[in-house]
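based on what follows, work out the 3D shape:
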Amino acid sequence: QVQLVESGGGLVQPGGSLRLSCAASGSIFSITSMGWYRQAPGKQRELVASVDSGGGTAYADFVKGRFTISRDNAKNTVYLRMNSLKPEDTAVYYCNAFVAPYSDFRVYDYWGQGTQVTVSS
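Below is the predicted model:
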């Protein structure tokens, strides 16, 4: 079994910063891409940022220059540093990872349970 556990969400004022963490645990052979998605009330889930196993990153236009994604392969952990937060960044943030477990070495798509980020004064 593979689990993704997020942490670091909370309430922050506009212009503030937060750092989200997501740790993958379990019988993991390898992890290819890891990323963060978000879903605001009444809206579809959308990609925020992703990072591949080589460190290559991709960002949604609405977070470029404000958010930074990184990963620690030794810890199977991905981070999202969020600066200059805006009220429209309010959403549940979900961690995503493509993991090959030792059970069969095929790549599966895993999701965390989500962490709430609220940007409000």
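
could you measure from residue 103 over to residue 14?
Residue 103 sits 45 Å away from residue 14, going by Cβ to Cβ, to the nearest Å. For every residue, glycine as well, the C-beta is placed using N, CA and C.

I should have written residue 77 there, sorry.
Remark: distance between residue 77 and residue 14 (Cβ to Cβ) = 28 Å.

which one of those two has more residues nearby?
residue 77 (19 against 13; other Cβ atoms under 10 Å).

what's across from the more buried one in the sheet?
For residue 77, the beta-bridge partners are residue 23, residue 72 (DSSP bridges).

looking at it, it is touching residue 70, isn't it?
No. Taking contacts as Cβ atoms under 8 Å, residue 77 lies outside contact range of residue 70: 9.2 Å.

what's opposite the residue nearest the centre of the chain in the beta bridge?
In the chain, the residue lying closest to the centroid (Cα atoms, centre = their mean) is residue 36, at 2.8 Å. Counting by DSSP bridges, residue 36 forms beta bridges with residue 49, residue 95.

return the residues in contact with it.
The contact partners of residue 36, by Cβ atoms under 8 Å, 6 or more residues apart in numbering, come to 20, 22, 47-50, 69, 78, 80, 93-96.

how about 7 Å then?
Listed by Cβ atoms under 7 Å, 6 or more residues apart in numbering, the contact set of residue 36 reads 20, 48, 49, 69, 80, 93, 95.

among those residues, which one lies nearest to residue 4?
Using Cβ to Cβ, residue 95 is the member of the contacts of residue 36 that sits closest to residue 4, with 4.8 Å.

quick one: the strands in this structure?
For the chain, the strands defined by DSSP state E occupy 2-7, 10-12, 18-26, 28-39, 46-51, 57-59, 67-72, 77-82, 91-101, 108-111, 115-119.

next, format the ones you listed as TSV and append mean pLDDT.
Shown next, in TSV, are the strands of the chain (pLDDT from 0 to 100):
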stretch	mean pLDDT
strand 2-7	95
strand 10-12	98
strand 18-26	97
strand 28-39	96
strand 46-51	98
strand 57-59	97
strand 67-72	97
strand 77-82	98
strand 91-101	96
strand 108-111	96
strand 115-119	98
